[in-house]
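S.K.: Pasted the sequence and its predicted model underneath.
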Amino acid sequence: MIRERISNAWQMLMGNKGRSILTMLGIIVGIAAVITVVSVGEGAKDAVLGQFDQVGASSLLLSVSSGQATDSDLLTADDVEAVREQISELRFVSAEHQLIGRTDKYGDSTMIFITGIDQDWMRISNLTMTDGRQFSLPELERGVPVMILEEETAKRLYPGRSPLGEIIEINLQGSLREVEVIGVGYSVVSQMTSFANTDMEMPMIVYMPLSTAVNFAGGEARFSRLIAMADSPDHLQTAGEQMINLLENRHGNQGGNLYSVTETAQLMEQAEKVASIFTNFIAIVAAISLLVGGIGVMNIMLVSVAERTREIGLRKALGATMNDIMWQFLFESSILTFIGGVLGIISGMLFSRVIGYYLGFVPTVALRIVVIAVLFSTAIGLFFGLYPARKAAKLSPIDALRRE
Amino acid sequence: MSNARGSENTLQKAVITMRDLTKVYRSATLEYPALRGIDLTVNEGEFVSIMGPSGSGKTTLMNIIGLLDNLTGGYYELQGIDSSDLSDAGSAALRNRTIGFIFQSFNLLPQMNLIDNVALPMLYAGVPAKERRDRAREALQHVGLEKWSQHRPTEISGGQQQRVAVARAMVMRPSILLADEPTGNLDSLAAEAVLKLFHELHAIGVTVIIITHDISVAHRADRLIELFDGRISNDSVLTGPDGRKAALS
C-alpha cells in the first residue's frame, strides 16, 4: 500500500513537473550550500592542521613585541647562539631573516621574498627538496650566494624544466647580487603562502643561507622571531621561560614583557577553534537557507492544496479518507525534499570540488554530513508538509466539486 | 401525482431513508437553513430525478446522500447504515463501495491517463494492482473507450470524458449512481450517450439518482422529486411517452 501511495504521489508530482522542480529548488540550494560550506570548511581545516602537524607539536615561537621594542631589544646572531648553547631542553634553535628584493630576469621587475634560513630551520620547518639539493654546511657557514626556489615559484617561472644552475641577479635596495639556484623545495611556510594566491603580482619565494641573507642586508642582522623545538613536549613551558629569562638578561630589559613565547600546539588549538567557529557560523547560515527552502516547500504545498481542492474533493468522493489525503500530500512533499536533498548533495559535492580546486586543497565530504543532510531535508518535507497536508485532509469536498 | 411514493408500503429494499432531515449552514454572522425537514425513501433499482431552482437545496441533498456532508438534524440511513454512526474512515469506505459519483465537470485528474483515472476508486478500496488494471480496462471497454486507455483526459472530448467518469463511477460496482448535472456541459448527442449508459446501468439494477436543471433529462427518470426552499414540494411517478415507466409500486 505504501508503494502505491508513493507511486500515486509521484504521478501527481510528474503531472506538474515545472512546479515540482521549482519547489525542489529551495531545498537543492539549501542542501548544496550546507554540503559545500561544511566540506570546504573541513577541507581547509584539515589542510591547515596538516601543516601544523609538520611543524610538530613541540615547537616554540618566540617573538619580540613589535610595538615597544627598540633596535637594541631585537635578537642578534649571538643571542641565537646563546639560546642554542645554554638551554639544554631545546634540540633546534633558529632565527629567520627576511628580505625583499627585485629582479628583471623575467621581464618586468619581479618581487622576491627571501627567507634566510639555517640548518635548524630546515629541520623545524621540514624543508623538503623536489629537485637539486639542500644547502651544504660550508654554504650555510660562509654565506655563499646560493638559493633554493620554492616549488610553486619554480613551476611558474620554469615550467617543464629545471632551474638548477640558473644565475639570478637580485636588486636589494640598489645593490645588485648574483645568486645561483641549487635546489627546489617546499616547506610549511611556502604552502601557507600559496593559500594567499590572488591575482596580485606573484612574488618569487626563495630561501638562502641565513649568513648570506645577513651579508646582503649589510652584515649585521637583527631578528624579531626565533623558532625552537624542544626535546619533548613536556619541556616546552620551562624551555620557553628560560628563553625569555636568558634574552632579558642579555639585553638588560627585565620585566619589559618584550619577549613572548607561543607553543605551536596552542596555535594549532586556536586555528582549530577559529576554523570550527567559522565553519559552524556558515553552517548555521546555510541551515537557515535550508529552513527558508522548507518554508518554500510549505508555501507551494499550501498553494497546491488551494489549487487542488477539486482533486481533493474528488478523491474523497471516490472513497479517500482524511488519512489517505493527508498521506498523499505528505508523500508528495517528502518525495520533493528527498530528491531535492539528493540533488543538493550532488551539486554541493561538485561545487566544493570546484572551490577546493581553486583554493588548492581537497574538500572533505563527511559521510556524516551527507546522511544528516538527506535526513534533514526529508524531515523538512514531513514537517513543512504536515500543515498543508492536514489542511488538505480537513478540506470539505462539497464546494470544490461543484465549482466550475 | 403527489405522494406517489409511500414509505411504509414497499416490499423493496430501501437504499436511502431520510426522516425529518435538516441541514443548517452556519457562519459567524449568518444561519442559513438549506434543508428544512426532508422525508424521503429511495428503493433499490429506482431511477430518480431531483429538480429545483437554485438555492432549493438540491446540492446539499446530494452531498448528504453521498455522505460528503453532515446533517444538522433528523435521520439518514444509507444501505441500512445510520449515517450518524459513521466515522470519517467508515463513511469513506461506505461511499467507496456504495456510491458512484458523476459530476457536471467530469472531474477526471489531468495528471493521470484514463485507465488510472478509472482505477482510482479501487486504490482506496485496497484492490490489488493487477485486478485494478483488469477491472478498469473492462469498465473502459464497457463505455467504448478502451483504445484511449493510455491517453490523458485533455486529449478526448467532453462527452468521452463523461463516459470515462461513468466507467470510474461503476468500477466498484456500487448500488447507487449519484449524478450532479451530468449533462450540463455536454451537447445533446453526447448527453444522449451518457444517459443511455445510465439506463443500461438502471436495467441491471443500479439505483440512479440525477440532479438536474434540464426538464427533458429529468423526465428520463421513473420518479421526479422537486425541491423548493429546502423542502420536497412534489414527488411523483413519471410516465414516459411510451407508457413503459408507469408500472411502479
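M.R.: Thanks, I have it. Numbering: from 1, shown residues only, chains lettered A, B, ... in the order given.
S.K.: Distance of A:N299 relative to A:A306?
M.R.: Note on A:N299: its distance to A:A306, by CB to CB, to the nearest Å, is 11 Å. Glycine gets a C-beta too; all of them are placed from N, C-alpha and C.
S.K.: for A:R225, same thing?
M.R.: Using CB to CB, we find A:R225 at a distance of 68 Å from A:A306.
S.K.: Wait, a strand at A:W10?
M.R.: No: secondary structure of A:W10 (DSSP: H, G, I helix; E, B strand; the rest coil): helix, not part of a strand.
S.K.: Now do the strands in chain B.
M.R.: B:14-26, B:31-43, B:47-51, B:73-78, B:81-82, B:99-102, B:176-180, B:207-211, B:223-228, B:231-237 (DSSP state E).
S.K.: Which elements pack onto the first one?
M.R.: The elements that strand B:14-26 packs onto, with contact taken as 3 or more CB pairs under 8 Å, 6 or more residues apart in numbering or on different chains; DSSP states H and E, are strand B:31-43, helix B:58-65, strand B:73-78.
S.K.: Setting aside sequence neighbours, what's the nearest residue to the residue in the stretch 251-400 of chain A that chain B sits nearest to?
M.R.: Using CB to the nearest CB, A:G319 is the residue of the stretch 251-400 of chain A that sits closest to chain B, at 2.5 Å. Beyond its immediate neighbours in the sequence, the residue positioned closest to A:G319 (CB to CB, 6 or more residues apart in numbering or on different chains) is B:N96, lying 2.5 Å away.
S.K.: Same check on A:I182?
M.R.: A:V146 (4.7 Å).
S.K.: And for B:A89?
M.R.: Spatial nearest neighbour of B:A89, excluding adjacent residues (CB to CB, 6+ apart): A:T321 at 4.6 Å.
S.K.: Would you check how far apart the one you found and A:E272 are?
M.R.: Counting by CB to CB - A:T321 and A:E272 are separated by 55 Å.
S.K.: These two - which one has more neighbours?
M.R.: The residue with more neighbours, out of A:T321 and A:E272 and counting by other CB atoms under 10 Å in any protein chain shown, is A:T321; that gives 21 against 14.
S.K.: how many neighbours does B:H213 have?
M.R.: B:H213 is surrounded by 15 other residues when neighbours are defined as other CB under 10 Å.
S.K.: interface residues of chain B facing chain A?
M.R.: Taking CB under 8 Å from any CB of the partner chain as the measure of proximity, chain B contacts chain A at B:59, B:63, B:66, B:68-69, B:88-89, B:92-93, B:95-97, B:101, B:103-105, B:107, B:109-112, B:116, B:120-121, B:123-126, B:129, B:168, B:172, B:180.
S.K.: how about a cut-off of 7 Å?
M.R.: Along chain B, the residues adjacent to chain A under the rule CB under 7 Å from any CB of the partner chain are B:59, B:63, B:66, B:68-69, B:88-89, B:92-93, B:95-96, B:101, B:103, B:105, B:107, B:109-112, B:120-121, B:123-126.
S.K.: Can you select the buried ones among those for me in PyMOL?
M.R.: Those of the residues of chain B next to chain A that meet the burial criterion (16 or more other CB atoms under 10 Å in any protein chain shown) are gathered into one PyMOL selection, given here:
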select buried, chain B and resi 59+63+66+68+69+92+93+95+96+101+103+105+107+109+111+112+120+121+123+124
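S.K.: is any part of the helix or strand containing A:R19 close to chain B?
M.R.: Using DSSP states H and E, A:R19 falls within helix A:17-55. No: between helix A:17-55 and chain B, judged by CB under 7 Å from any CB, nothing touches; the nearest distance is 10.2 Å.
S.K.: all strands in the stretch 51-200 of chain A, in order from the N-terminus.
M.R.: If you assign secondary structure with DSSP state E, counting those that start in this stretch, the strands in the stretch 51-200 of chain A sit at A:59-64, A:90-95, A:97-103, A:110-117, A:128-132, A:146-150, A:167-172, A:175-186.
S.K.: which residues sit in contact with the spatially most central residue of chain B?
M.R.: A centroid search over chain B (CA atoms, centre = their mean) returns B:L178, at 0.3 Å, as the residue closest to the centre. In this structure, B:L178 makes contact with B:62, B:65-66, B:99-101, B:209, judged by CB atoms under 7 Å, 6 or more residues apart in numbering or on different chains.
S.K.: again with B:I232
M.R.: Each residue near B:I232 by CB under 7 Å, 6+ apart is listed here: B:38, B:40, B:225.
S.K.: quick one: pLDDT of A:M111?
M.R.: According to the prediction, A:M111 has pLDDT 84.
S.K.: hmm, back to that, kindly tell me how buried the residue nearest to A:I182 is, as a neighbour count.
M.R.: Considering only other CB under 10 Å, A:V146 is surrounded by 20 other residues.
S.K.: cool, A:V285 as well?
M.R.: The local packing of A:V285 (other CB under 10 Å) involves 13 other residues.
S.K.: quick one, helices of the stretch 201-350 of chain A?
M.R.: Listed in chain order, the helices of the stretch 201-350 of chain A (DSSP state H, counting those that start in this stretch) span A:210-216, A:236-251, A:264-307, A:309-317, A:322-359.
S.K.: Turn the ones you listed into JSON lines, columns for mean pLDDT.
M.R.: Supplementary listing: those in JSON lines, determined by pLDDT from 0 to 100:
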{"stretch": "helix A:210-216", "mean pLDDT": "85"}
{"stretch": "helix A:236-251", "mean pLDDT": "86"}
{"stretch": "helix A:264-307", "mean pLDDT": "80"}
{"stretch": "helix A:309-317", "mean pLDDT": "87"}
{"stretch": "helix A:322-359", "mean pLDDT": "89"}
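S.K.: List just the one of the ones you listed that sits closest to A:S125.
M.R.: helix A:264-307 (11.2 Å; CB to CB).
S.K.: What does the residue of chain B most remote from its centre show for phi and psi?
M.R.: Summary for chain B: using CA atoms, centre = their mean, the residue whose C-alpha lies farthest from the chain's mean C-alpha position is B:T29, with a distance of 32.7 Å. When quoted as degrees, to the nearest 10, the phi and psi of B:T29 stand at phi -110, psi -10.
S.K.: At the geometric centre of chain A, which residue sits there?
M.R.: Relative to the mean C-alpha position of chain A, the nearest C-alpha, by CA atoms, centre = their mean, is the one of A:A44, at 2.3 Å.
S.K.: Identify the residues contacting that one.
M.R.: Contact partners of A:A44, counting by CB under 7 Å, 6+ apart, are A:275, A:361.
S.K.: And it, how far from A:I244?
M.R.: Distance of A:A44 to A:I244, given as CB to CB: 33 Å.
S.K.: quick one on the thing from earlier: next, count neighbours for the residue of the stretch 251-400 of chain A closest to chain B.
M.R.: Number of residues near A:G319 (other CB under 10 Å) recorded here: 25.
S.K.: Hmm, it is touching B:P121, no?
M.R.: Yes: distance between A:G319 and B:P121: 5.5 Å, which falls inside the contact criterion (CB atoms under 7 Å).
S.K.: any residues in contact with both of those two?
M.R.: With contacts defined as CB under 7 Å, 6+ apart, the residues adjacent to both A:G319 and B:P121 are B:N96.
S.K.: distance of the nearest residue to A:E141 once chain neighbours are set aside from chain B?
M.R.: Here the nearest residue to A:E141 in space, its sequence neighbours aside, is A:S211; by CB to CB, 6+ apart that works out to 6.5 Å. For A:S211, the distance to chain B equals 82 Å [CB to the nearest CB, to the nearest Å].
S.K.: Just give the number of residues close to A:S211.
M.R.: Neighbours of A:S211 using other CB under 10 Å come to 20.
S.K.: got it, and A:G341?
M.R.: 30.
S.K.: In the sheet, which residues pair with the residue lying closest to A:L172 once chain neighbours are set aside? Tell me.
M.R.: When the adjacent residues along the chain are set aside, A:L172 lies closest to A:G101, with 4.4 Å between them (CB to CB, 6+ apart). The residues listed as beta-bridge partners of A:G101 by DSSP bridges are A:I112.
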